[in-house]
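need coordinates for the following:
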Amino acid sequence: MPQGACLIYDFGTTALKTVLFDKELNEVDSTSREFHYHYPAENQIKLDPETYWDYLVSSTREIVQRNNCQESIEVISLTGQAETLIPIDRNGTPLRQAIVWLDTRSEEESTSLSRKIAQERFYRLTGLTAIDPILPVTKLQWLNNHEPEIYRHSTYLLLLRDFIVHRLCGRMVTDPSIASCSGYFDISTRQWSEEILHTADVDPSLLPEIEETDAHIGTLLPGVRDALGLKKQVVVMNGMLDQCASAIGAGNVMPGILTEITGTVLALCYTIERLEDIPQDAPIPVVCHGVPGKYLLLPYSPTAGMVLKWFKDQFCHEEEERAQREGKNPYELMTEPIDPNTPPDSRLLLIPHFSGSLFPVTDPRSCGVVFGLTLGTRKEDVVRAILESVGFVLRESVEYLSNHGFPVTRIISLGGGSRSHTWLKLKSTILNRQIETLKYPESTARGCACVAAHSLGWVDRIEELSQDLTGSNRYQPIPSNIMAYEGKYHLFLKLFQSLYPVFHSSSDAEIT
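Numbers count the residues shown, from 1 in each chain. All right, here's what the predicted structure looks like:
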């Protein structure tokens, strides 16, 4: 393999994906290692930190040997999840199991901190709209309250990506996009927030340095280089949050472009140039972008594809058995009977807030609702209602952004939902807008590779490079169904609004 290869590690929620790119950013090879978490108690999720490192080493050796690229790789970078917490001692040894980002053991600490910091002030400092128990700032307080010996013996309190960077090159460094998810990072100054650290009683000397995403923070330690099977020195680039990398890989590096990621959740990404552009009365989650100097609006709905999975697990055993027999995807079989060209059922609606609503309406007490069932309702009708409901939430979010100064000129679909032509056609018609998909399906690792290529001088501008990666398929609204979905969307909004008093009524109220 010729010189100029780039190796990207994407530490996702479910797996580590390791991807090899050549100098032209063509994907040469990839491999995946699935994580198997431990659940010691309710709301607790942990994993041995050495598992992350062992997977990195084994996946690298596999790719290097398979592609004979021991002397070809010039740069390594990282992307992935942010909030997983790992305390280490002065030798870099983890002092306990990693507290995985999905872990919500720190609910009491979250409530306590919310009493000390006004929500509006917290948002203005961090760009985060809630002091949520997934945030490291609450988990650090939990650690201090419940495992004080470990807290006192910690030399550094690192997030997962920072832990891996330290293992690779020996430095304690994070980047602004990962730090944005900590709950103790000042998004305006791009430094640790002294105010929040003081309130949360966190010693800033325990935190890593902050350098930009494209910074070259070192080279591989000699022992690491040997362990990975590499024969020449390799630059380690800082890297970034997976949502930022995915946006870059989809060309979302300038205002007007919206990337929507329909996976377990529905996540939206919109690039902005200035924090001052966010209206004071419209808090929208925002993080530092992977492009230095820019920011990324990051609103999301906690349940999207998860609702479809719930329906599959509960009601689609026949489709699962058939999929296993025929070697097919059960979701494809579930959506197979749905023809997006036919008019929708005007009354059958589903509210997809199975874990509460976060954006544009924040209401943790809202829940999932199926409305309009009749004796003639079929299984595929409910599946279609699930697909439509995500489209309605997407439209509601797009309209909210547009109405608050962030007009959307292009919509690019990513995630597992982008592989469903049926879902994309329904979304396009519900929004009455064109939706695009990517030329290359792997946007997260590719986005990180784009920044690495730019940092090495292989390309002049990230904006030009990332734009070349988009534009595979374009889905247009189905004209005959536009008006039907216009009416159904407004019925969806009306139903959700009318259910507010029901969601907030006492659960133990007497029924008379």
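
what residues are up against Arg410?
Arg410 makes contact with Gly256, Ile257, Leu258, Gln434, Glu436, according to CB atoms under 8 Å, 6 or more residues apart in numbering. Yep, even glycine has a C-beta here, placed from its N, CA and C like the rest.

do the same with Trp310
Phe354 are the contacts of Trp310 under CB under 8 Å, 6+ apart.

38 is where my numbering starts, stick with that
New numbering, starting at 38: the last item is Trp347.

Val420 versus that one, what's the distance?
Plainly put, Trp347 is 12 Å away from Val420 if you go by CB to CB, to the nearest Å.

who wins for neighbours among the contacts of Arg447?
Leu295 (28 neighbours; other CB atoms under 10 Å).

where do the strands of the stretch 288-437 of the chain begin and end?
294-299, 303-309, 323-325, 332-334, 337-338, 386-388, 406-408 (DSSP state E, counting those that start in this stretch).

the stretch 438-549 of the chain too?
Using DSSP E, counting those that start in this stretch, strands in the stretch 438-549 of the chain cover 447-451, 472-475, 507-512.

buried residues in the second one?
It stands for strand 472-475. Ile472, Glu473, Thr474, Leu475 (16 or more other CB atoms under 10 Å).

closest one to Ile136 out of those, please.
Leu475 (33.3 Å; CB to CB).

what's the pLDDT at that closest one?
Leu475 carries a pLDDT value of 89.

can you check Gly266 too?
For Gly266, the pLDDT comes out at 96.

same question, Arg402
For Arg402, pLDDT reads 87.

how many residues are close by the closest residue to it other than its chain neighbours?
Closest residue to Arg402 apart from its sequence neighbours, by CB to CB, 6 or more residues apart in numbering: Phe540 at 4.7 Å. Residues contacting Phe540 under the criterion other CB under 10 Å number 17.

try Ala341
28.

what do you get for His441?
Neighbours of His441 (other CB under 10 Å): 16.

pretty sure it is touching Ala319, no?
Yes: assessed by CB atoms under 8 Å, His441 is found in contact with Ala319 at 4.6 Å.

intersection of neighbour lists for the two?
Common neighbours of His441 and Ala319 (CB under 8 Å, 6+ apart) do not exist.

which SSE is the residue nearest the centre of the chain in?
The centroid of the chain falls nearest to Gln280 when counting by CA atoms, centre = their mean (4.8 Å). Take DSSP states H and E as the rule and Gln280 turns out to sit in helix 279-286.

how about residues contacting that helix?
With CB under 8 Å, 6+ apart, helix 279-286 has contacts from 47-49, 116-119, 214, 250, 276, 290, 296, 298, 304, 306, 308, 324-328, 333, 335, 451, 475, 477, 479-488, 499, 503, 506.

neighbours around Leu386, how many?
Counted with other CB under 10 Å, Leu386 comes out at 23.

wait, I meant Glu313
Glu313 has 9 neighbouring residues, counting by other CB under 10 Å.

that's a strand at Leu53, yeah?
Yes: looking at Leu53 with DSSP: H, G, I helix; E, B strand; the rest coil, it is inside a strand.

coming back round to it: by mean pLDDT, show me the worst of the strands of the stretch 288-437 of the chain.
Minimum mean pLDDT among those: strand 337-338, a mean of 88.

distance from the chain centre to that one, please.
10 Å (CA atoms, centre = their mean, to the nearest Å).

ok so, going back, now, the contacts of helix 279-286 that are in helices?
Ser214, Thr481, Ala482, Arg483, Gly484, Cys485, Ala486, Cys487, Val488, Ile499, Ser503 (DSSP state H).

for stretch 414-425, C-alpha coordinates in CSV please.
Only the C-alpha atoms of stretch 414-425 are listed here, as CSV (Å, rounded to 0.1, in the frame of the first residue of the first chain):
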residue,chain,number,x,y,z
THR,A,414,-55.9,-1.7,11.4
ARG,A,415,-53.1,-4.0,10.2
LYS,A,416,-49.6,-4.6,11.5
GLU,A,417,-48.1,-2.7,8.5
ASP,A,418,-50.4,0.2,9.2
VAL,A,419,-48.8,0.6,12.7
VAL,A,420,-45.3,0.2,11.2
ARG,A,421,-46.1,3.0,8.7
ALA,A,422,-47.4,5.2,11.6
ILE,A,423,-44.1,4.7,13.4
LEU,A,424,-42.1,5.8,10.3
GLU,A,425,-44.4,8.8,9.9
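
average model confidence for that stretch?
The model assigns stretch 414-425 a mean pLDDT of 97.

please apply the same query to stretch 274-289.
The model assigns stretch 274-289 a mean pLDDT of 94.

can you pull the poorly scored residue ranges out of this protein?
Scanning the chain for pLDDT under 70 picks out the ranges 38, 501-509, 543-549.

circling back to that earlier point, was I right to think the residue nearest to Arg402 contacts Gly405?
No: if you go by CB under 8 Å, Phe540 and Gly405 don't touch, sitting 10.9 Å apart.

excluding covalently adjacent residues, which one is nearest to Ile215?
Closest to Ile215 by CB to CB, 6+ apart is Ala119, at 4.9 Å.

wait, Asn469 touches Ile519, no?
Yes: with contact defined as CB under 8 Å, Asn469 counts as touching Ile519 (5.4 Å).

looking at these two, which is more packed in?
Using other CB under 10 Å as the criterion, Asn469 and Ile519 rank with Asn469 on top: 17 against 14.

residue contacts, that one?
If you count contacts by CB under 8 Å, 6+ apart, Asn469 has them with Pro514, Ile519, Tyr522, Glu523.

who wins for neighbours among those residues?
Tyr522 (24 neighbours).

find the nearest non-adjacent residue to that residue, please.
Ile467 (4.8 Å).

do I have it right that that neighbour meets Val430?
No: Ile467 is beyond contact range of Val430, at 9.9 Å (criterion: CB under 8 Å).

remind me which helix or strand the closest residue to Leu493 other than its chain neighbours belongs to.
In space, and not counting its chain neighbours, Leu493 is closest to Val112: 5.9 Å by CB to CB, 6+ apart. Under the criterion of DSSP H and E, Val112 resides in strand 110-117.

note down every partner strand of that strand and its orientation.
Here strand 110-117 has these sheet partners by DSSP bridges: strand 42-48 (parallel), strand 272-274 (parallel), strand 277-278 (parallel).

how about the contacts made by the closest residue to Asp223 other than its chain neighbours?
Nearest in space to Asp223, with sequence neighbours left out and distances taken as CB to CB, 6+ apart, is Ser230 at 4.1 Å. Ser230 makes contacts with Leu162, Thr163, Tyr221, Phe222, Asp223, as judged by CB under 8 Å, 6+ apart.

burial measure for the last one, as a count.
Read that as Asp223. Residues lying near Asp223 (other CB under 10 Å) number 19.

now do the one 4 residues further on
By the criterion of other CB under 10 Å, Arg227 has 16 neighbours.

can I see the domain layout of the protein?
Using automatic domain parsing, the domain ranges for the chain come out as 42-275, 281-338+471-510, 342-469+513-540.
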